[in-house]
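> structure, please.
(one chain, ligands or ions: 1)
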Amino acid sequence: NKYKLKKKHSLIKDLVSPYLSSDYKHLQKNIAYHLEYTLPQTTRNLNLFGTYLATSYTVRDRLLQLSHDTQKYYTEKKVKTACYISIEYLMGRFLQNAVLNLNLEEEYGEALAGLGYGLEDIYDQEQDPALGNGGLGRLAACFLDTLATHNYPAWGYGLRYNYGLFKQSVDVEGDQVEKTDVWLQFPYPFMIENHFIRIPIGFYGSIETYVDQKTKGTRFKWHPSEYVIAQANDILIPGYGTDNTNTLRLWSCRPIQELDFKKFSLGDFKGASEKRLNAENITNVLYPNDNEMAGKELRFKQQYFLVAATLQDIIRRLKEQKRTIYELPDFAAVQLNDTHPTLAIPELLRVLLDEEMLTWDEAWDITQRTFSYTNHTILPEALERWPVKLISHLLPRHMQLIEAINWKFLENFSENNKESGKLRKKLSLIENSRDTLVRMAWLAIVGSHKVNGVSDIHTNILKDKVFKDFHKIYPKKFINVTNGVTPRRWLHACNPKLSELITATLNSNEWIYDLTHLSKLREHADNEEFQLKWAAIKLFNKKKLQKYVKRELKIDIGYKDVVYDIQIKRIHEYKRQLMNIIGSISYYSDLLKMDPKKRKEMPKRVSFIAGKAAPGYFVAKKIIKLINCVSKVINTDPEIGDVFKVIYLPNYSVTLAELLIPATDVSEHISTPGTEASGTSNMKFVLNGGLILGTLDGANLEIMKNSGEENVFAFGITKEKVDQVKQNNIEKGAYNLMDEKMKNAINLIENGTFGNIENYQGLIEELKGVDRYILGHDFAPYMEAMDRVMQTYQKPQKWWKMSILGCAGSGWLSSDRTIKEYAENIWEIKPCPLPKIESEKQLG
Ligand code: GPU
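Just a heads-up that it's a prediction; the model follows:
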């Protein structure tokens, strides 16, 4: 060879780093480069979408560089890593977040202006990857932002669904219509297929039993009869104001063999592709259920596919670092985001026993020290229970191990007397009901060293009720970690004007990564000048929303001296959107009864509702229909005019939330006490100076504690009283106990004011019969609280003071605080910031 061969990492780095310098001229060159050479486009036929793609590739280049540096550094430092396994990630758009976190907004703004484009318009080209349903997936996304920002070594693990959460529209009848979310039809520059990471995953098959010649003990080996391949797709997660860049690894499923040539040559073309289609099916679509278990075999396959690939990946990295399997718990802390990834527990046990040849005690000890589990709901329909039959068929060895875990666990509780017999039944991981079922939460508790709820009240319910017996056995295992939200996306990025005002007022932007600084806003809460600035920003954001409503829905609404009242979340009976809309009907009916002159002088309100219903959730879909039909009647009633409007916004998403939250005066979080584990949008509203109209539930309670009870419009009973109300409903019939105004509103539905009553029969029957979510009981206090909202809004000084104080008290609601608690109390990981390379540009 006439060339001297040598590999030199540093040489390669020296070659590329000038390419990544970030003055605006350089960025422009990079954008032009990608337009010419990465895309099927040239700089001569520039367009918005192409420019967005090219811009995104330049961001991705920088993130790749930072991510390589980060991984190298973590490896050198032998740090312990947090691995967050979640079947959902609701990331929202990426480009703006990355540009802000890299602190390159000015440079990109200037570079693109030079090419004739505005940064905002470029951001707007991106689709919103919807690989999650609601709060659970969005929480995972906030956590990733915090982990990177605070330099924690961490990985996210999830699935790369071909189709994300369905797109929602509303038809002329007011019904939800679902359309497939084909988000991968165009390139998505922020997700990088990593061809070097492909992992085989087995299903089905049989178990071999043999005697280990060395120890003479019995050993087992699983022989799957089918394999698929897990392909890594990496999304790089930049932190704000740091070079640390973590990875979210999303697995997609590929077949072992693309085509069966034997079948193909026999003319069986369908059969020839069958295996490929079956494999691709595994990561084809996100199940659209929120807070409800989808008991489908394919979903179970998704769960196993996710955890099996993830564990192999973690163990591979462990071994690459020449560390032994015994060090696993010091190498990675694995967090199970709800029970969806619980199969990780028997899977790790299987690997340790059958492949690493550890003893049971060693394997079980490593397993327990590796995992921890977060519970996100107490709703019985959401607690996962999978049929033993299904598990045995799909994963025979895992079922055997679950039985062994159960047997060893129950050994501690004797069968001899009646009491402990009862206890054993309650504690058993396997439930003998009509079907024999595995209780996934039980398995997660037994196999983890820590179990946490997501708000104070929620964790208490877990300890006292749902997991009571386990709490008695392992009192120290259960802890609370109240949820939080990232202030980067949910204030700095989505509300730039408020972000600027806060930075100017505090004379520093430190609050962006240490949100407790917001408390210093308290001293300005009474300051009239400050209040005016604060209010002007709210007005500006409301105007933006008003324009959106006009453009998208062709509805004219006001925004000056109009209260924007918003409830945005998945449609669910327990979240009580039905109470909201019945409240609107009642208010409408009161307005109609008024003297027209008085009506005109009433304080104005627009009531917004947005949120999707699971396609199979019949009741939730009827609630959407009712909302739309009520909206139509009220909005077109000339008697009402602009005094009151009801707006249903279709296709709620992270992107839409970023528009709505900064524009909100008051937001509704009105779940039946004890049902909403935490709620996280409530935190985002307070952060943006929105007030809360809420029940004594979830994180509402902690918001009241931190921002002051007097700054929240709270109403209704405590969770302790709910059971009694329900009991009364059952005994006396809910209708007989119902508030008169609510009866009157229901009467309007029944007499056809909002279309054919047949549509709503089910809804009404439930309210009149048992009313499980006690709408009837809470209706009057709800209406009274809304009245307080409207009255308070008429006193601007009081209102804006509440708004500022709410925000000032919300420092504690940052996911930075949440993650610090996970890191210290559960994961035992420490920040590991990359050494700062001297750069001319510093934050702050
Ligand atoms: N949550 Br379980 C979901 O969004 N989806 C689910 O399937 C389950 C829980 C939510 C809770 O409803 C909400 O109260 C909580 O704030 C959020 O998880 C994050 O913990």
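> interface residues of the chain facing the ligand?
133-136, 139, 290-291, 338, 376-377, 382, 454, 483, 676-680, 698 (Cβ under 6 Å from any ligand atom). Placement of C-beta: from N, CA and C, glycine included.
> give me the phi and psi for Arg254.
Main-chain dihedrals, Arg254, degrees, to the nearest 10: phi -120, psi 160.
> hang on, isn't it packed against Leu277?
No: between Arg254 and Leu277 there is no contact under Cβ atoms under 8 Å: 11.8 Å.
> the more surrounded of these two?
The neighbour comparison of Arg254 against Leu277 (other Cβ atoms under 10 Å) goes to Arg254, with 17 against 11.
> where's the more buried one relative to Ala232, distance?
Using Cβ to Cβ, to the nearest Å, Arg254 is found at 11 Å from Ala232.
> overlap in contacts of these two?
The overlap between the contact sets of Arg254 and Ala232 (Cβ atoms under 8 Å, 6 or more residues apart in numbering) consists of Arg198.
> for the strand or helix carrying Trp251, buried residues please.
Trp251 belongs to strand 245-255 when assigned by DSSP states H and E. Within strand 245-255, the residues that count as buried by 16 or more other Cβ atoms under 10 Å are 245-255.
> return the distance of whatever helix or strand comes next after it from the chain's centre.
The C-terminal neighbour of strand 245-255 among helices and strands, as given by DSSP H and E, is helix 261-265. How far helix 261-265 lies from its chain's middle: 44 Å, per Cα atoms, centre = their mean, to the nearest Å.
> for helix 261-265, which outside residues touch it?
For helix 261-265, using Cβ under 8 Å, 6+ apart, the contacting residues are 269, 271-272, 274.
> buried residues, it. List them.
Neighbour-count burial for helix 261-265 [16+ other Cβ under 10 Å]: Lys263.
> in this structure, what residue lies closest to the ligand?
Proximity of the chain to the ligand (Cβ to the nearest ligand atom) peaks at Gly135, 3.1 Å away.
> isn't that residue right next to Lys684, touching?
No: assessed by Cβ under 8 Å, Gly135 is found out of contact with Lys684, at 10.9 Å.
> next one: phi and psi at Val666?
Given degrees, to the nearest 10, the pair of backbone angles that Val666 has is phi -140, psi 130.
> give me the beta-bridge partners of it?
Following DSSP bridges, Val666 is listed with bridge partners Asp565, Leu691.
> what number of residues lie near it?
The local packing of Val666 (other Cβ under 10 Å) involves 26 other residues.
> returning to that earlier point: for the residue of the chain closest to the ligand, the count of nearby residues, please.
Neighbourhood size, Gly135 [other Cβ under 10 Å]: 25.
> which helix or strand lies directly C-terminal to the helix or strand in which His195 is found?
Using DSSP H and E, His195 falls within strand 191-203. Proceeding N to C from strand 191-203, the next assigned helix or strand is strand 206-211, under DSSP H and E.
> what sits up against the helix or strand just after that following strand?
With elements assigned by DSSP H and E, the helix or strand that comes after strand 206-211 is strand 218-223. Contacting residues not belonging to strand 218-223 are listed as 202, 205-212, 350, 353-354, 357, 396-397, 400 [Cβ under 8 Å, 6+ apart].
> could you break the protein into its assigned domains?
9-77+93-127, 78-92+128-480, 559-808 (automatic domain parsing).
> would you convert the ones you listed into JSON lines that also reports distance to Glu529 and mean pLDDT?
Converted to JSON lines, the domains of the chain look like this (distance: least, Cβ to Cβ, whole Å; pLDDT from 0 to 100):
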{"stretch": "domain 9-77+93-127", "distance to Glu529": "28", "mean pLDDT": "92"}
{"stretch": "domain 78-92+128-480", "distance to Glu529": "30", "mean pLDDT": "97"}
{"stretch": "domain 559-808", "distance to Glu529": "11", "mean pLDDT": "98"}
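> of those, which is nearest Leu539?
domain 559-808 (6.8 Å; Cβ to Cβ).
> next one: that closest one to chain centre, how far?
Remark: domain 559-808 is offset 23 Å from the chain centroid, using Cα atoms, centre = their mean.
> likewise stretch 46-58?
That offset, for stretch 46-58, works out to 28 Å (Cα atoms, centre = their mean).
> before we move on, the earlier item: now do the same contact list for the residue of the chain closest to the ligand.
Gly135 neighbours (Cβ under 8 Å, 6+ apart): 376, 569, 678-681.
> most neighbours among those, which one?
Top of the contacts of Gly135 by neighbour count (other Cβ under 10 Å): Ser678, with 27 neighbours.
> C-terminal to the helix or strand harbouring Ser499, what's the next element?
Assigned by DSSP H and E, Ser499 falls within helix 496-506. Using DSSP H and E, the helix or strand that follows helix 496-506 in sequence is helix 528-553.
> orientation of that next one relative to helix 496-506 in degrees?
170 degrees (axes from the mean of the first three to the mean of the last three Cα atoms, to 10 degrees).
> show me what helix 528-553 is packed up against.
When contacts are defined as 3 or more Cβ pairs under 8 Å, 6 or more residues apart in numbering; DSSP states H and E, helix 528-553 packs onto helix 496-506, strand 562-568, strand 644-649, helix 654-660, helix 796-808.
> pLDDT of it, averaged?
Averaging pLDDT along helix 528-553 gives 98.
> buried residues, that helix. List them.
For helix 528-553, the neighbour count (16+ other Cβ under 10 Å) marks 530-531, 533-535, 537-538, 541-542, 545-546, 549, 553 as buried.
> in the stretch 51-200 of the chain, which spans are helices?
Along the stretch 51-200 of the chain, counting by DSSP state H, counting those that start in this stretch, helices occupy 95-101, 105-115, 119-123, 135-149.
> out of these, which is closest to Ile661?
Short answer: helix 135-149, nearest of the helices of the stretch 51-200 of the chain by Cβ to Cβ, at 12.1 Å.
> measure how far that closest one is from the centre of its chain, please.
8 Å.
> when you give positions from now on, start the count at 261
Will do, 261 is the new start, and the previous item becomes helix 395-409.
> and the angle from that helix to strand 505-515?
Orientation of helix 395-409 against strand 505-515 (the same axes, to 10 degrees) gives an angle of 130 degrees.
> any idea how far apart the tips of stretch 844-861 sit?
18 Å (Cα to Cα, to the nearest Å).
> sec struct for the residue nearest to Leu683 when sequence neighbours are not counted, please.
Excluding the flanking residues, the one nearest Leu683 by Cβ to Cβ, 6 or more residues apart in numbering is Phe673, at 5.7 Å. Following DSSP: H, G, I helix; E, B strand; the rest coil, Phe673 is assigned to coil.
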